[in-house]
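K.L.:
here is a sequence with its predicted model. Questions after.
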Amino acid sequence: MIILLPVYEPGHGLVTTVTSLHDATPGTQLVVVDDGSGPASARVLRDAEDLGCTVLRHDTNRGKGAALKTGFRHIGAAHPGHAVVCADPDGQHHVADILRVAAHVDVSGRMVLGVRRFEGRVPLRSRFGNTVTRLLFRAATGRRVQDTQTGLRGFPANLLDWLGEVPGERFEYEMNVLLHAARTGRPIDETVITTTYIGDNGTSHFGSIADSARVYRPLLRYALLPSTRSRR
């Protein structure tokens, strides 16, 4: 199992996550993809390398989807046959949850989403956004997915080539993965994870208007064009 951490302007949370993962599972391979961060993040990225991470770099910011694809290509070539768990190293994903998703992938051999319950003190924009996309996704695809926007996802090795073919370079990529899985009849498993928000989700690089448009555009296109849906 390889842990893939896409980052942009990471803070010390990256080092904390890497250290915690190594403490919990010594010898685990971690791949960090830096999506064009500035000089302020150089020290944190060097620290990650010193802790044994493979750090891949984009010269400019290309988007989360591009960072994930860079990671998938590298892992497929450098670690063939290994499953991948993608996580956001900003403190939102607990190590226990990352390992739970990894274990589920190993047992099932399927795509696995770490889904949040959205209970308690959840930022309004996160609660509202997930509810809307969940309902639209079900209406468009007929598939129930409890958390379409989760960044904690596990993939078996046999999906890495397919993941590289799914379109999208920025935040829309993760929605496209789910839509293409629905269209091609690929199973999507779920496991419940802890819901954690830091400072009203202020560490997120998701831009409310532009990025929301990118996420909803492929979803609405899928819903409006019957030819893009799988036959059920």
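P.N.:
Everything's here; your move.

K.L.:
the chain: helices as residue ranges?
P.N.:
Counting by DSSP state H, the chain has helices at residues 13-24, 42-50, 64-78, 95-108, 124-141, 160-165, 172-183, 208-224.

K.L.:
turn those into JSON lines, columns for mean neighbour count and distance to residue 88.
P.N.:
Quick note: C-beta positions are derived from backbone N, CA and C, even for glycine. Shown next, in JSON lines, are these (neighbours: other CB atoms under 10 Å; distance: least, CB to CB, whole Å):
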{"stretch": "helix 13-24", "mean neighbour count": "18", "distance to residue 88": "9"}
{"stretch": "helix 42-50", "mean neighbour count": "15", "distance to residue 88": "14"}
{"stretch": "helix 64-78", "mean neighbour count": "21", "distance to residue 88": "9"}
{"stretch": "helix 95-108", "mean neighbour count": "19", "distance to residue 88": "10"}
{"stretch": "helix 124-141", "mean neighbour count": "15", "distance to residue 88": "13"}
{"stretch": "helix 160-165", "mean neighbour count": "16", "distance to residue 88": "17"}
{"stretch": "helix 172-183", "mean neighbour count": "22", "distance to residue 88": "11"}
{"stretch": "helix 208-224", "mean neighbour count": "15", "distance to residue 88": "14"}
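
K.L.:
distance to residue 117 and mean pLDDT added to the ones you listed, as CSV?
P.N.:
Compiled in CSV, the helices of the chain are given as follows (distance: least, CB to CB, whole Å; pLDDT from 0 to 100):
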stretch, distance to residue 117, mean pLDDT
helix 13-24, 22, 95
helix 42-50, 30, 98
helix 64-78, 23, 98
helix 95-108, 12, 96
helix 124-141, 11, 78
helix 160-165, 26, 98
helix 172-183, 19, 94
helix 208-224, 21, 71
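
K.L.:
distance check, the residue nearest the centre of the chain against residue 98.
P.N.:
Centroid-nearest residue in the chain: residue 151, 3.2 Å away (criterion: CA atoms, centre = their mean). Applying CB to CB, to the nearest Å, the value for residue 151 to residue 98 is 11 Å.

K.L.:
what's the closest non-adjacent residue to the residue nearest to the centre of the chain?
P.N.:
residue 88 (4.3 Å; CB to CB, 6 or more residues apart in numbering).

K.L.:
give me the neighbour count for the one you found.
P.N.:
19 (other CB atoms under 10 Å).

K.L.:
dump the residue contacts of it.
P.N.:
Going by CB atoms under 8 Å, 6 or more residues apart in numbering, residue 88 touches 5-6, 151-152.

K.L.:
filter those down to the buried ones, PyMOL style.
P.N.:
Burial among the contacts of residue 88 is assessed by 16 or more other CB atoms under 10 Å; the matching PyMOL selection reads:
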select buried, resi 5+6+151+152
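
K.L.:
what's the lowest-pLDDT member of the contacts of residue 88?
P.N.:
Among the contacts of residue 88, residue 151 carries the weakest pLDDT, at 93.

K.L.:
my guess is it meets residue 93, correct?
P.N.:
Yes: at 7.2 Å, residue 151 counts as touching residue 93 under the criterion of CB atoms under 8 Å.
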